[in-house]
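>>> Need a 3D model of the following:
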Amino acid sequence: MSYDRVAIVTGADSGIGKATAVTLAERGFDVGITYKSDRDGAEGTAREVREAGRRAAVRQHDLRDPEAAAGAVDELADELGGVGVLVNNAGTGSSRPVLDMGLDEWREVLAVDLDGAFLCSQRAARRMVARGRGGRIVNVTSVHEEHPRVGSGPYCAAKGGLKMLARVLALELSQYGITVNTVAPGEIATPMTGQHEQPPEPESRPGYPIARPGHAREVAEAVAFLADPGASYVTGASLFVDGGLGLMGPQAAGALESADWRKG
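Numbers count the residues shown, from 1 in each chain. The predicted model follows:
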């Protein structure tokens, strides 16, 4: 199917979202961009999209109120003339043990990382179905859709839930020519990991098989593959972009101070 060459990327003001928006523009997509609070960052992403020769539109989108925020999907689709690809990238995390966490903090992380993606997927998929031309939904999760991490209870729960939501949607939407997949990054050099758009430092992570953090563009390339018509037979899958981190166990790998594990 020839779906609309319009992509909406949530949380595209920096990091993986920004790299994904620009990469998709380079692949021929007009791009809708959402942001929580960094309007300047979102406008910077829009400028790069336009420099790639494509149209861009920007909306504020605070998923702590997911029902209100999901309306941005409809607004962007209306402005750009459709939606063929949705990338659920916006997210937040936590760093508190479950025993010390209040319900409000738990619910906020799930609202942003899971409820918001559910509602945005629903809005976009309804439009794709009505249009009858198929489409793509890509959820940016994390290695923690599969592997736990101390202090990240709601984050891990949300990312694991997002993986299973993608698989259910893959079944339900397959008859309409819509594929649904996840991209699961490991440690990526972005503001969310405290690495503010700096290049990944080689050999800086001795416990990782590829001994560095990833670059946002490396994740964006994986998202772009799943958004491409050539990926039409891939659905319900999780594509890990983690430098082999999942092979080691992310909790332990980050604690290793040498590469002696390579000796067997």
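
>>> mind listing the helices for the stretch 101-250 of the chain?
103-110, 116-131, 153-173, 216-227, 245-248, 250-253 (DSSP state H, counting those that start in this stretch).

>>> and the last one, what's its mean pLDDT?
If I follow you right, that is helix 250-253. The average pLDDT within helix 250-253 is 75.

>>> Could you do the second one as well?
Per-residue confidence for helix 116-131 averages out to 98 on the pLDDT scale.

>>> one step back: most packed of the helices of the stretch 101-250 of the chain?
helix 216-227 (a mean of 22; mean count of other Cβ atoms under 10 Å). C-beta coordinates here come from the backbone N, C-alpha and C atoms, glycine included.

>>> Show me what that one is packed up against.
helix 15-26, strand 85-88, strand 135-140, strand 178-185, strand 238-241 (3 or more Cβ pairs under 8 Å, 6 or more residues apart in numbering; DSSP states H and E).

>>> switch to 7 Å and redo it
helix 15-26, strand 135-140, strand 178-185, strand 238-241 (3 or more Cβ pairs under 7 Å, 6 or more residues apart in numbering; DSSP states H and E).

>>> what angle do that helix and helix 15-26 make?
For helix 216-227 against helix 15-26, the angle by axes from the mean of the first three to the mean of the last three Cα atoms, to 10 degrees is 50 degrees.

>>> quick one: average confidence on helix 216-227?
The pLDDT scores in helix 216-227 average 97.

>>> Could you tell me the angle between it and strand 135-140?
Using the same axes, to 10 degrees: helix 216-227 against strand 135-140 is 150 degrees.

>>> Now do helix 216-227: distance to the chain's middle.
10 Å (Cα atoms, centre = their mean, to the nearest Å).
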